[in-house]
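Novice: next come a sequence and a model predicted from it.
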4 protein chains.
Amino acid sequence: MSKGRLEAFSDGVIAIIITIMVLELKVPHGADAASLLSVWPVFLSYLLSFLVVAIYWVNHHTLFQAAHHASTGLLWSNNALLFCLSLIPFATGFMGENDFAPFPTALYAATLLLAGLAFIPVRWSVMAQLQDDASFVRVSQMARRKNYISLGLYAISVPLAFCIPPSRSRAPSLSQRSTSCRTRG
Amino acid sequence: MSKGRLEAFSDGVIAIIITIMVLELKVPHGADAASLLSVWPVFLSYLLSFLVVAIYWVNHHTLFQAAHHASTGLLWSNNALLFCLSLIPFATGFMGENDFAPFPTALYAATLLLAGLAFIPVRWSVMAQLQDDASFVRVSQMARRKNYISLGLYAISVPLAFCIPPSRSRAPSLSQRSTSCRTRG
Amino acid sequence: MSKGRLEAFSDGVIAIIITIMVLELKVPHGADAASLLSVWPVFLSYLLSFLVVAIYWVNHHTLFQAAHHASTGLLWSNNALLFCLSLIPFATGFMGENDFAPFPTALYAATLLLAGLAFIPVRWSVMAQLQDDASFVRVSQMARRKNYISLGLYAISVPLAFCIPPSRSRAPSLSQRSTSCRTRG
Amino acid sequence: MSKGRLEAFSDGVIAIIITIMVLELKVPHGADAASLLSVWPVFLSYLLSFLVVAIYWVNHHTLFQAAHHASTGLLWSNNALLFCLSLIPFATGFMGENDFAPFPTALYAATLLLAGLAFIPVRWSVMAQLQDDASFVRVSQMARRKNYISLGLYAISVPLAFCIPPSRSRAPSLSQRSTSCRTRG
């Protein structure tokens, strides 16, 4: 199986994931600056997730450039990765619409952790094709180390989300505004 | 007509089908674990459909790799297949939002059956181009047998959906939760 | 400018147009056959529009295969065509949700007429590149004749939509059902 | 890193951005011409944004054709551009649903200004690869001048949006209609 169509399909899915998150940025009711400000947490979570998915796309691109062909293992580990990435828009919306409340923020961190874990078998599948390529193994080990560090950070941030209290004084008014926004559908 | 653009178009449509299903996974109202749990049946049906569509994509990919060119028959049988696949997000949402109730589950199975049936003329169109290729015919017969078995399973599961009662004790509370979720739009 | 990326962009836009129409097929409230039946007109209009857009894609594909390069005229006439095609999901939803009432049906026919008219400058741009190619000119003239016939049919169907009365006895109950469906967002 | 997949990913994201704006064009409640007229400002803003995004796509295409490879700078400046472009559907919806009221119109102009600014580092990244190519530098300087002029126009139109009063007599009825449209979700 050629890797070209696998790349094209992954590009399509990642392009859609990164773009449909903007659909969560719902047009507020009013036409003034206060109405616009009410979508601020949703915007912030969108910016963050856009960055995360863009990084995944770059890493995916770099890894697949080294791959020789699309093995069955690569095909299905890639599908599993795409599934985990496709959960990011939901987790982003859940966190943004709840003004970074502890539980949704922990779920968001857990989703990123899941996506990070799903990237490991994809890298394994590519590495299995390139065991004799010394330069790839060296570069890959650096990438793997960075990957494990980010996994550690995600894992730590899940419980951390419950420890750092959100600015409670702002929370009620913000969630009120976002509720008035949410009812328009 | 070249098959490259037909593959690219099919990839685009399948990538969109597989990704828009996540839009059905609507952000729940509350910010706690109970709210999150209310989207559980929708999540489960999404996971199932992601797997089904991914399998179709892999089979589509394998079959088209063997094809020589995009004949008119292949073009239109492929469009019919894409149409049937595009009904899966609707059937998935119908089943998930109704907590796997008998009728929506039967409709879901019927939609999978329809997609499986729509795959048959696509295979015929490719096989008509490859009648002299003995190795393809052998591989294809195995794939065809697997296809017919899955068609049989889908066909059986349509009536089965009405026989196996959903866990009625859980059903009311779940549907209540999913209703509160549904009204936000 | 190479025509490859123009084709890829057009494929992407057409793939999205053909697929987002299924988003109009909203999950009905109930879990029984009657609820499912309420989305019947929306389903029928989706099936019709899927067919129309698929035919445009096939014609687009055939025409661009003959083109030598992406001239500025081809680029912008193609963008105008994509814009007109992108109005089909709206017109489809308007017609389907109103059970094929006269005005939405006339608007639907007008949208198809507009898309058909937008195809003419695209063909001109390609023909300007191929004036010396006798075989293309002959094939193109046949395609053009078919195009003008369908334009005539669309033009006739706009006023016809007001003449043929929809089955009024069924209309109230159907629109009632679709209203109950519409409020869920 | 090859530029082919970067182009394909950009095409995918831009195709989705240009197409999801039509989702803002929500089907109105009634089936008559008055209902259709209520979506007029949303339609107008969609037409405008379609044109803007199409121009960006053409400029993007022209610029990338000259690029030799996808450098890290090009990769990330391109991602920043795609992020800014992805805000256009939101700004379009905000302006269209508020009948071109001053604040949303100013925000729309500011979003176009932001996208225009985000295009500058992308051009720099390509130009850094082509410093020795005299013909590209000459063409590029003309494109840059046009870019700066449009940036100036966007920058002027932000405060201008507050000066030119919208036709106040029509505004209430229009926003009333669009509110009745908005509640259906």
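Specialist: Good, I have the coordinates.

Novice: close enough to count as contact, A:Leu63 and A:Val126?
Specialist: Yes: applying Cβ atoms under 8 Å as the test, A:Leu63 and A:Val126 come out as touching, 5.4 Å apart. Where you see a C-beta, it was placed from the backbone N, CA and C, and this is true even at glycine.

Novice: higher neighbour count, these two?
Specialist: Legend: neighbour count by other Cβ atoms under 10 Å in any protein chain shown for A:Leu63 and A:Val126, higher for A:Val126 (23 against 20).

Novice: and the helix or strand hosting the more buried one, what's buried?
Specialist: Secondary structure assignment for A:Val126, by DSSP states H and E: helix A:102-129. In terms of neighbour count (16 or more other Cβ atoms under 10 Å in any protein chain shown), helix A:102-129 has its buried residues at A:102-119, A:121-123, A:125-127, A:129.

Novice: who touches A:Tyr154 in this structure?
Specialist: A:Tyr154 is in contact with A:109-110, A:112-113, A:116, counting by Cβ atoms under 8 Å, 6 or more residues apart in numbering or on different chains.

Novice: redo that, cut-off 7 Å
Specialist: A:109, A:112-113, A:116 (Cβ atoms under 7 Å, 6 or more residues apart in numbering or on different chains).

Novice: so in chain A, where's the weakest helix or strand by average pLDDT?
Specialist: Least confident element among the helices and strands of chain A, by mean pLDDT, DSSP states H and E: helix A:171-182 (a mean of 39).

Novice: what about chain A, any weak spots by pLDDT?
Specialist: Under the criterion pLDDT under 70, the flagged ranges of chain A are A:1, A:165-185.

Novice: so is the spatially most distant residue from the centre of chain A in a helix, a strand, or just coil?
Specialist: Relative to the centre of chain A, the most outlying C-alpha is that of A:Asp132, 32.1 Å out, by Cα atoms, centre = their mean. Under DSSP: H, G, I helix; E, B strand; the rest coil, the three-state class of A:Asp132 is coil.

Novice: and it, how far is that from chain D?
Specialist: Spatial separation of A:Asp132 from chain D under the definition Cβ to the nearest Cβ, to the nearest Å is 23 Å.

Novice: how about A:Asn98, phi and psi?
Specialist: Dihedral pair for A:Asn98: phi -110, psi 20, per degrees, to the nearest 10.

Novice: how about it: what's its closest non-neighbour residue?
Specialist: Taking Cβ to Cβ, 6 or more residues apart in numbering or on different chains as the measure, A:Asn98 lies nearest to B:Ala31, with 4.0 Å between them; neighbours along the chain are not counted.

Novice: burial check on the one you found, number of neighbours?
Specialist: B:Ala31 has 21 neighbouring residues, counting by other Cβ under 10 Å.

Novice: in this structure it contacts A:Phe103, no?
Specialist: Yes: B:Ala31 is in contact with A:Phe103 according to Cβ atoms under 7 Å; the separation is 5.6 Å.

Novice: of all the contacts of A:Tyr154, which comes closest to chain B?
Specialist: A:Ala109 (14.1 Å; Cβ to the nearest Cβ).

Novice: still on that earlier bit, from the contacts of A:Tyr154, which is closest to chain D?
Specialist: A:Leu112 (17.9 Å).

Novice: dump the residue contacts of the closest one.
Specialist: Contact analysis of A:Leu112 by Cβ under 7 Å, 6+ apart lists A:52, A:154.

Novice: how about a cut-off of 6 Å?
Specialist: Shown in contact with A:Leu112 (Cβ atoms under 6 Å, 6 or more residues apart in numbering or on different chains): A:Tyr154.

Novice: for A:Gly73, same thing?
Specialist: Contacts of A:Gly73 were listed using Cβ under 6 Å, 6+ apart, and they are A:Ser125.

Novice: circling back: pick the one among the contacts of A:Tyr154 closest to D:Ala155.
Specialist: For D:Ala155, the nearest member of those is A:Leu112. The distance, counting by Cβ to Cβ, is 37.2 Å.

Novice: which residues of chain A lie near chain B?
Specialist: Within chain A, the positions near chain B by Cβ under 6 Å from any Cβ of the partner chain are A:5, A:8-9, A:12-13, A:16, A:79, A:83, A:86, A:90, A:93-94, A:97-98, A:101, A:103-104, A:182, A:185.

Novice: what about A:Pro159, which helix or strand?
Specialist: Under the criterion of DSSP H and E, A:Pro159 resides in helix A:134-163.

Novice: got the buried residues for that helix?
Specialist: For helix A:134-163, burial by neighbour count (16+ other Cβ under 10 Å) applies to A:136, A:140, A:144, A:147, A:150-151, A:154-155, A:157-158, A:161.

Novice: hang on, the earlier thing: the inter-axis angle of the helix holding A:Val126 versus helix A:134-163?
Specialist: 170 degrees (axes from the mean of the first three to the mean of the last three Cα atoms, to 10 degrees).

Novice: quick one: name the residues of chain A near chain D.
Specialist: Contact residues of chain A with respect to chain D, defined by Cβ under 6 Å from any Cβ, are listed as A:11-12, A:15, A:19, A:22, A:25, A:27, A:31-32, A:50, A:54, A:61, A:184-185.

Novice: among these, which one sits closest to D:Ser45?
Specialist: A:Val27 (11.1 Å).

Novice: tell me the first helix or strand C-terminal of the host helix or strand of A:His60.
Specialist: In this structure, A:His60 is located in helix A:40-66 according to DSSP H and E. Counting by DSSP H and E, the element after helix A:40-66 in chain order, helix or strand, is helix A:72-86.

Novice: test my guess that A:Met21 contacts A:Ser45.
Specialist: No: proximity of A:Met21 to A:Ser45 does not meet the contact threshold set by Cβ atoms under 6 Å, at 8.6 Å.

Novice: who has more neighbours, the two?
Specialist: Neighbours of A:Met21 and A:Ser45, each counted by other Cβ under 10 Å, are more numerous for A:Ser45; the result is 26 against 23.

Novice: excluding sequence neighbours, find me the nearest residue to the more buried one.
Specialist: Leaving aside its sequence neighbours, A:Ser45 sits nearest to A:Gly96 (Cβ to Cβ, 6+ apart; 3.5 Å).

Novice: for the helix or strand hosting that neighbour, name the packing helices and strands.
Specialist: For A:Gly96, the element it lies in under DSSP H and E is helix A:88-97. For helix A:88-97, the elements it packs on are helix A:40-66, helix A:102-129, judged by 3 or more Cβ pairs under 6 Å, 6 or more residues apart in numbering or on different chains; DSSP states H and E.

Novice: what's whichever strand or helix holds A:Gly4 in contact with?
Specialist: Taking DSSP H and E as the definition, A:Gly4 sits inside helix A:3-20. Here helix A:3-20 makes contact (Cβ under 6 Å, 6+ apart) with A:53, A:57, A:64, A:67, A:69-70, A:82, A:85-86, A:89, B:11-12, B:15, B:19, B:61, D:8-9, D:12-13, D:16.

Novice: in PyMOL, how would I select the buried members of the residues you listed?
Specialist: Remark: buried members of those, expressed as a PyMOL selection using 16+ other Cβ under 10 Å:
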select buried, (chain A and resi 53+57+64+67+70+82+85+86+89) or (chain B and resi 11+12+15+19+61) or (chain D and resi 8+9+12+13+16)
